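Engineer: sequence and computational prediction follow.
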Amino acid sequence: MKKVLINARKEDYENLASILEEHHHVVLRQDPVYEVKVFLPDTDLDAFIDEVRETIDLRYKENLIEVSSPEFVISPYLKRAEEKAEKTEKTPIEKLVETTRPYLRLSPGTLAMTSIAGLIALTGLFLNNAAVIIGAMLLSPILGPIYAFAISVAVGRGEDGLRSLSVLAALLLSVFVLSALTTAGLHLLVPLAVTPEILSRTVVSPIYILMAVLLGFAAVLALDRGMSDLIAGVAIAAALLPPTVVAGIATVLLTDRVLQAGVLVLENVVGMLAGALIATLVLGIGAREYYEQVAARKAMVRTALAVALLLAILFGLSLTLT
């Protein structure tokens, strides 16, 4: 349940009245500025805010919209309204954008956690132990930048999208370099066996692109619907962390398979970016203001073309290397 406080000049309130009739509201004050309190289910918030923003002129300082979440509201009318609303809540655009901010810059904590997860995955790969590899996925924070990229592009924040990609690239590069250096160091001390878990991640196929697209789509869908980010994060890490570690291992022990390992990583990365972008379109995630929508459409078109080109190149490489 959300409480929305609206301040509107008399001229704007006259246009707003028809929208308010559809929702439970109370007019608290009428002079000199109308002050209206509205209660509505969370699932109705986005559509309601869009209608209000199109109705009142927010260039005037008297006009404002404030949204909050009350602890509880006792009202049979509101209870019936919530029962009629969709049970699956849609996260407001502003909240989605806010959740991307931690992934627009590389933090030491995120880098350290990713590096540790990479080393654990390296251990599991050499031990041929799937349980250890899964444990590494639980620690890996790779989902965040992919999610931030999709949301940023969808709302027209191209620069933020590029920042999130740079964070993702830095995390994957750190895993790759650390895996290569660790493998080289261990290889000088003890004989290292190339296990089936390692070899399975040096095989490329166009089917991995489809899998990655579905993973990217499912991850954004899960986060938008308020599902656990741990589940989505493990799914993303499963497709990115072990293959990146194997790419590092291959530079030392499997030099003839380095290209295949690298292509597999790129297939998964680009595929998940594509799936995440598709999810934002399907879910209707986008900017509110008209000028922001124009910028968002341009950013989405340019990004979609670039991603489609990369997917086509990777698809061709997969067929060649299969």
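Structural biologist: Sure thing, it's come through.
Engineer: low-confidence ranges in the stretch 51-200 of the chain?
Structural biologist: Applying pLDDT under 70 to the stretch 51-200 of the chain picks out residues 72-92.
Engineer: what about the strands in it?
Structural biologist: 64-68 (DSSP state E, counting those that start in this stretch).
Engineer: domain-wise, how is the protein divided?
Structural biologist: Following automatic domain parsing, the chain resolves into domains at 2-84, 93-321.
Engineer: can you tell me the distance between the two ends of the longest one?
Structural biologist: Read that as domain 93-321. This stretch, domain 93-321, spans 42 Å end to end (Cα to Cα, to the nearest Å).
Engineer: run the chain-centre distance for that domain.
Structural biologist: Taking Cα atoms, centre = their mean, to the nearest Å, the mean C-alpha location of domain 93-321 is offset from the chain mean by 11 Å.
Engineer: likewise for the first one?
Structural biologist: Computed by Cα atoms, centre = their mean, the separation of domain 2-84 from the middle of its chain amounts to 30 Å.
Engineer: need the winner for burial among the domains of the chain.
Structural biologist: domain 93-321 (a mean of 19; mean count of other Cβ atoms under 10 Å). C-betas here are computed from N, CA, C, even on glycine.
Engineer: what are the boundaries of the helices in the protein?
Structural biologist: Along the chain, the stretches classed as helices by DSSP state H are 10-20, 45-55, 76-84, 93-100, 108-127, 130-139, 143-154, 158-189, 196-199, 206-224, 229-253, 258-283, 290-321.
Engineer: let me have those helices in JSON lines, adding distance to residue 67 as columns.
Structural biologist: Output for the helices of the chain, formatted as JSON lines (distance: least, Cβ to Cβ, whole Å):
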{"stretch": "helix 10-20", "distance to residue 67": "15"}
{"stretch": "helix 45-55", "distance to residue 67": "7"}
{"stretch": "helix 76-84", "distance to residue 67": "16"}
{"stretch": "helix 93-100", "distance to residue 67": "8"}
{"stretch": "helix 108-127", "distance to residue 67": "30"}
{"stretch": "helix 130-139", "distance to residue 67": "34"}
{"stretch": "helix 143-154", "distance to residue 67": "19"}
{"stretch": "helix 158-189", "distance to residue 67": "23"}
{"stretch": "helix 196-199", "distance to residue 67": "49"}
{"stretch": "helix 206-224", "distance to residue 67": "18"}
{"stretch": "helix 229-253", "distance to residue 67": "23"}
{"stretch": "helix 258-283", "distance to residue 67": "20"}
{"stretch": "helix 290-321", "distance to residue 67": "18"}
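Engineer: of all the ones you listed, which one is nearest residue 31?
Structural biologist: Among the helices of the chain, the nearest to residue 31 by Cβ to Cβ is helix 10-20 (8.4 Å).
Engineer: so which other helices or strands are in contact with the closest one?
Structural biologist: In terms of contacts (3 or more Cβ pairs under 8 Å, 6 or more residues apart in numbering; DSSP states H and E), helix 10-20 is packed against strand 34-40, helix 45-55.
Engineer: which one of these has the lowest average pLDDT?
Structural biologist: Mean pLDDT across the helices and strands packed on helix 10-20 is lowest at helix 45-55; the value there is a mean of 80.
Engineer: my guess is residue 177 contacts residue 247, does it?
Structural biologist: No: Residue 177 is not in contact with residue 247 according to Cβ atoms under 8 Å; the separation is 10.3 Å.
Engineer: picking that back up, for residue 1, which of the helices of the chain is the nearest?
Structural biologist: For residue 1, the closest of these is helix 76-84, at 6.6 Å, according to Cβ to Cβ.
Engineer: pLDDT weak spots in the stretch 201-322 of the chain?
Structural biologist: Within the stretch 201-322 of the chain, the stretches with pLDDT under 70 are 226-232, 288-290.
Engineer: contacting residues around the residue nearest the centre of the chain?
Structural biologist: Taking Cα atoms, centre = their mean as the criterion, residue 147 is the residue nearest the geometric centre of the chain, at 1.5 Å. Residues near residue 147 by Cβ atoms under 8 Å, 6 or more residues apart in numbering: 99, 100, 103, 219, 220, 223, 276.
Engineer: next: residue 15.
Structural biologist: By Cβ under 8 Å, 6+ apart, the residues touching residue 15 are 55, 56.
Engineer: good, we can wrap up now.
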